[in-house]
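Asks: sequence and predicted structure are below.
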Amino acid sequence: MNFALYKELLAVRPIRLLLTVGMIARIPHSAAGVLLTLHIVLTLGEGYAAAGAAAAVMTIGIAVGAPWRGRRVDTVGLRKALIPSVVSETVIWSVVPHVSYEWLLALVFVGGLLTLPIFSVVRQSLGVLASGEQRRTAFALDAIATELVFMLGPAAGAIVATAGYSVAGLTVVGVCTSVAGLFLMWFNPPTRSAVPDDEYETDQQEGAEVAVVAAAPAHLQEAAAELAPVAASELRRLGLRHRVAHNFAWFTAAVAAVFAVAAGAGMVLSGTDVGIVAALETGGHQAEIGLVFVFWCAASVVGGLMYGAMHRPVSPIILLLGMAALTIPMGFARDTLTLCLLSLLPGLLCAPVLSSASEKVAELVEERRRGEAMGWYGSALTAGVALGAPLAGVFIDGIGPSAGFVSVGAAGVVLCLFGLVLLRHRRRRGLVA
């Protein structure tokens, strides 16, 4: 590894400034998930199923809005494209803490729809400001910054909410995000290169995949949703868009299995997220929620580094089976320390699951269809994230906090075992044929 590349990159002022803005802009939203969950449970008096449903609604909004936000940046430029997000972030998150649960659902959907597209803006701008090996180094630096933010953000959100300031906290999230958007508008980094670059779209795809791994395990929604706009851009470049609806030859049983793994991973991770909050809130240790998130997210970083150093890939379905099975014992934690320690093992497998799944899609799908396939992979991951939180919430409300971990972990195990049985059956049929 050539660490001199990082020094060279950070010496370029626009890149250094963009990476700093991107890191700061992600902090408010990294705290928003925990803040919103605790606001719904503690302030509104609703259950964890309701909190999970709100998270799912916001995730759907983010997924629906991502392609539109990406097109706006391409067609009208960054400054005009960010105006709806800058206005809505402050307005919506200032109103959300003061309304009933029913109105909150509608508002968080619109908030997701118009969320500041920080992942795509930073990725596109880095793609223009850097090139070749420098571009990949820039994406790696942005991923490191993202991982740090998503370790610290939930901790800050939990401290604010448990101190009784969830209303003020949610308002600050919106205002700070709008300020970050205004700074981006002032900085106005380039999002399209004046000189065509054959590697640009490929690197954008790789950057989007890296961002998904970096955002895990605690904040997958926005990064996963950004895979679809990148795929659409790739299709336009190749002139394939008009044929997509009629040509899914690349969608084999093996690819479907990888998409199922992506959905399962999203479900387990978002369900675990809600489970951590519920376990500590119910036990009266709300102020320690952030500590568990630090352990869980740090383990994912270490697992990603270990997996990247391996010479042989591991099947994503095996990795998900391990992560899901190791999530179940988290339900038997009796204090914060044991929950922290039990989160380490499933956390270690988080980044490897997502890395292995995206590698498998790249291996199974021909290059000219890969962007399209990764778009659907992002949709599967987003669907899993939207499912996991309310699923865990229902079991938490009905049985207790431990049931949240057990439910999503067991569902992930069943999904993997079913997939392994089907794959084994296909191999036998292939041998007979």
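Replies: In hand now; what should we look at? Residues are numbered from 1 along each chain as shown.

Asks: residue contacts, residue 285?
Replies: Applying C-beta atoms under 8 Å, 6 or more residues apart in numbering, one finds that residue 285 lies in contact with 335-336. Heads up, the C-betas are built off the backbone N, CA and C, glycines and all.

Asks: below-threshold pLDDT in the stretch 251-400 of the chain: ranges please.
Replies: Within the stretch 251-400 of the chain, the ranges that satisfy pLDDT under 70 run 367-372, 375.

Asks: swap that for the stretch 51-200 of the chain, please
Replies: By pLDDT under 70, the weakly predicted segments of the stretch 51-200 of the chain are 132-133, 136, 192-200.

Asks: do I have it right that residue 125 meets residue 17?
Replies: No - in terms of C-beta atoms under 8 Å, residue 125 does not count as a neighbour of residue 17; the distance is 10.2 Å.

Asks: ok, those two, which is more surrounded?
Replies: Counting neighbours by other C-beta atoms under 10 Å for residue 125 and for residue 17 shows that residue 125 has the greater number, 25 against 14.

Asks: all strands of the chain, in order?
Replies: Per DSSP state E, the chain carries no strands over any range.

Asks: and residue 324, how many residues sit next to it?
Replies: Around residue 324 sit 28 other residues, with neighbours defined as other C-beta under 10 Å.

Asks: kindly report the same for residue 308.
Replies: Residue 308 is flanked by 11 other residues according to other C-beta under 10 Å.

Asks: ok, now residue 338?
Replies: 13.

Asks: same deal with residue 80?
Replies: Around residue 80 there are 12 residues (other C-beta under 10 Å).

Asks: which non-adjacent residue is nearest it?
Replies: Leaving aside its sequence neighbours, residue 80 sits nearest to residue 72 (C-beta to C-beta, 6 or more residues apart in numbering; 7.5 Å).

Asks: over to residue 258?
Replies: Closest residue in space to residue 258, ignoring its immediate chain neighbours: residue 360 at 4.9 Å, by C-beta to C-beta, 6+ apart.

Asks: check contacts around that neighbour.
Replies: Contact partners of residue 360, counting by C-beta under 8 Å, 6+ apart, are 254, 258, 313, 315-316.

Asks: could you check how far the closest residue to residue 287 other than its chain neighbours is from residue 278?
Replies: If the residues on either side of it in the chain are set aside, residue 287 comes closest to residue 162, at 4.9 Å by C-beta to C-beta, 6+ apart. For residue 162, the distance to residue 278 under the criterion C-beta to C-beta, to the nearest Å works out to 13 Å.

Asks: neighbour count winner among those two?
Replies: Taking neighbours as other C-beta under 10 Å, residue 162 and residue 278 compare with residue 278 leading, 29 against 21.

Asks: mind checking how far the more buried one is from residue 12?
Replies: Shown here: residue 278 relative to residue 12, a distance of 45 Å by C-beta to C-beta.

Asks: same check on residue 380?
Replies: Distance of residue 380 to residue 12, given as C-beta to C-beta: 36 Å.

Asks: with residue 337 instead?
Replies: Noted for residue 337: a distance of 44 Å to residue 12, by C-beta to C-beta.

Asks: give the contact list for residue 31.
Replies: The neighbourhood of residue 31, defined by C-beta under 8 Å, 6+ apart, consists of 153-154, 156-157, 160, 169, 173.

Asks: now it. Nearest residue, chain neighbours left out?
Replies: Taking C-beta to C-beta, 6+ apart, and ignoring the residues beside it in sequence, residue 31 has residue 157 as its nearest neighbour in space, at 3.3 Å.

Asks: how many residues are close by residue 167?
Replies: Using other C-beta under 10 Å, residue 167 has 17 other residues around it.

Asks: my read: it touches residue 99, true?
Replies: No - assessed by C-beta under 8 Å, residue 167 is found out of contact with residue 99, at 11.0 Å.

Asks: what is the rounded mean pLDDT of stretch 416-426?
Replies: Stretch 416-426 shows a mean pLDDT of 81 in the predicted model.

Asks: which positions within it qualify as buried?
Replies: With burial defined by 16 or more other C-beta atoms under 10 Å, the residues of stretch 416-426 counted as buried are 416, 419.

Asks: contacts only, for residue 294.
Replies: Residues in contact with residue 294 (C-beta under 8 Å, 6+ apart) are 151-152, 155.

Asks: picking up where we left off before, touching, the residue nearest to residue 31 and residue 169? I think so.
Replies: Yes - between residue 157 and residue 169 a contact is recorded at 6.7 Å, counting by C-beta under 8 Å.

Asks: so residue 277 versus residue 406, what's the distance?
Replies: In this view, residue 277 and residue 406 are 16 Å apart by C-beta to C-beta.

Asks: higher neighbour count, those two?
Replies: In this view residue 277 and residue 406 are compared by other C-beta under 10 Å, and residue 277 has more residues nearby, 29 against 21.

Asks: that one: what's it in contact with?
Replies: With the criterion set at C-beta under 8 Å, 6+ apart, residue 277 makes contact with 34, 37-38, 41, 48, 158, 289.

Asks: then residue 298?
Replies: With C-beta under 8 Å, 6+ apart as the criterion, the residues that contact residue 298 are 151, 347.

Asks: tell me the spacing between it and residue 318.
Replies: Applying C-beta to C-beta, one obtains 23 Å for the distance of residue 298 from residue 318.

Asks: pull the number of nearby residues for the closest residue in space to residue 272 that isn't next to it in sequence.
Replies: If you skip the residues right next to it in sequence, residue 272 has residue 327 as its closest partner in space, 5.7 Å away by C-beta to C-beta, 6+ apart. Residue 327 sits with 29 neighbouring residues when counted by other C-beta under 10 Å.
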